[in-house]
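> quick one, structure for this:
(one chain, ligands or ions: 1)
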Amino acid sequence: MLVGNRQSDLIGQTDLLKVPSLSRLTGCDIYLKCEFQNPGGSIKDRAAKQLIDDAMERGELSSGMTVVEGTAGNTGIGLALVAKSYGLNMLAVMPNDQTKEKERMITMHGGQLKTVDPVPFKNPNHFYHTARRLAEENADYWWANQFENTSNARAHYLHTGPEIWQQTAGKIDVLVSVAGTGGTIGGNSRYLKEQNPDIDVWLADPDGSGIYSFLKTGEYVSEGGSMTEGIGIMRLVDNFKEAQIDHAVNLPDQDLISLSRYVQQQDGIVLGSSSALNVAGALAAALYHGPGKCIVTFACDLGDRSASKLYNPEYLTGRGLKLEPEPIASLLARYRELGDAILTVKYRGD
Ligand SMILES: Cc1ncc(COP(=O)(O)O)c(C=O)c1O
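Purely as a prediction, here's the structure:
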């Protein structure tokens, strides 16, 4: 796209960037799909556009109406941006413990923001239920519902997956992704496995999320917590059900500090926290397979969205994390020994 008539036209068609340092260390080609290039700065712009496009096509949403959504932030930014392009209004409901960087961007894009206390999903005041209730109470509100509305995964099935297939000339061996709603891993894994069923799909899961345990035992159980935002979940949602997954790893926040600092120093790439987990997962996959593989993962957003957490020494020490990155040789040695901690699964969704 060289000329867009409105900002939402610039969503998608992101570049693929090799991570030179980790590719050299592992003998694999490790690529990042640069989703921070989307105009709202994250991968969630893609879901936002598809959710709104499909709803407008179905006649559920028309100009002048208000899109309402519960969000950890990036979907809210994407929806605010697309809403503005389409003559819609946007109301984001966000838990108040997410980075202020994202809250600010929603309002800077003209979105209205309602923050709520972070509470467990079963509490009716959870951001998800609050957004749904607001839509039920207002006739001209439309609830995007990024968790259950599969236009989200469809964005990746129709666009991101084909872009990856084309950019790697069909040579992709391994796809690695975190999951929040599961839209990214759902749509991409489904499209890419239709092209080549042997592509090995890895889920990277943070502490505090139940997806790893769900894939292992069928139960959502979590241990600890994570500074990552927008990823990890304790329930099975429709977008995740689209996913086709072969391996899963659960990796701690301490590794995100080590790896984000390593690629920052070596390659000048400043990762957001979920992207750091993606890179950690890609490294684990590269060491599991050995040299020669083409591995693709996502830079879901840029490090500036994680400035007050992943890159904030006070915040990190407050969480009991060590600031000193683990030497890369030690991290590589540890990842070579992950053994049974790497789950082999055959999750084929619905
Ligand atoms: C920074 C970031 N990374 C990853 C994700 C997860 O993507 P998905 O919802 O497609 O699973 C999100 C979702 O909000 C996000 O904000």
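> phi, psi for Ser23 please.
Geometry field for Ser23 lists phi and psi as phi -70, psi -40, criterion degrees, to the nearest 10.
> surely it touches Leu17?
No - applying Cβ atoms under 8 Å, one finds Ser23 not in contact with Leu17, separated by 10.7 Å. The way it works is simple: take the backbone N, C-alpha and C, and place the C-beta from them, glycine included.
> higher neighbour count, these two?
Here Ser23 and Leu17 are compared on neighbour count by other Cβ atoms under 10 Å; more neighbours surround Ser23, at 18 against 15.
> list the contacts for the nearest residue to the more buried one once chain neighbours are set aside?
Take Ser23 and drop its neighbours on the chain: the residue closest to it by Cβ to Cβ, 6 or more residues apart in numbering is Ile30, 4.9 Å away. Taking Cβ atoms under 8 Å, 6 or more residues apart in numbering as the contact definition, Ile30 lies against Lys18, Val19, Leu22, Ser23, Val279, Ala282, Leu283, Ala286, Ile295, Thr297.
> so what's the residue count around the one residue in the stretch 151-300 of the chain that gets nearest to the ligand?
Among the residues of the stretch 151-300 of the chain, Gly230 lies nearest to the ligand; the distance is 2.6 Å by Cβ to the nearest ligand atom. If you count neighbours by other Cβ under 10 Å, Gly230 ends up with 24.
> the one 10 residues further on too?
As a burial measure, Phe240 scores 25 neighbours (other Cβ under 10 Å).
> now the spatially most distant residue from the centre of the chain: how far from Leu16?
No residue in the chain has its C-alpha farther from the mean C-alpha position than Ala139, which lies at 31.0 Å (Cα atoms, centre = their mean). Taking Cβ to Cβ, to the nearest Å as the measure, Ala139 falls 44 Å from Leu16.
> show me where the stretch 151-300 of the chain has strands.
Ranges of strands in the stretch 151-300 of the chain, per DSSP state E, counting those that start in this stretch, are 174-177, 200-206, 245-251, 294-299.
> pick the most buried one from the ones you listed.
Highest mean neighbour count among the strands of the stretch 151-300 of the chain (mean count of other Cβ atoms under 10 Å): strand 174-177, with a mean of 27.
> can you tell me if the least confident helix or strand in the chain by mean pLDDT touches the ligand.
Every helix and strand in the chain was compared by mean pLDDT, DSSP states H and E; the lowest is helix 100-108, with a mean of 95. No - looking at helix 100-108 against the ligand by Cβ under 6 Å from any ligand atom, there are no contacts, and the closest approach is 8.2 Å.
> for the stretch 1-150 of the chain, which segments count as helices?
Taking DSSP state H, counting those that start in this stretch as the criterion, the stretch 1-150 of the chain carries its helices at 20-26, 44-58, 74-86, 100-108, 127-137.
> an error on my part: the question was meant for the stretch 201-350 of the chain.
In the stretch 201-350 of the chain, the segments counted as helices under DSSP H, counting those that start in this stretch are 211-217, 253-267, 273-289, 313-318, 328-336.
> quick one, the longest one and helix 253-267 angle?
What it means is helix 273-289. 90 degrees (axes from the mean of the first three to the mean of the last three Cα atoms, to 10 degrees).
> picking up where we left off before, now the residue nearest to Ser23: how far from Asp9?
When Cβ to Cβ is the yardstick, Ile30 and Asp9 sit 30 Å from each other.
> returning to that earlier point: buried stuff in the least confident helix or strand of the chain?
When burial is assessed from 16 or more other Cβ atoms under 10 Å, helix 100-108 yields the following buried residues: Glu101, Lys102, Glu103, Met105, Ile106.
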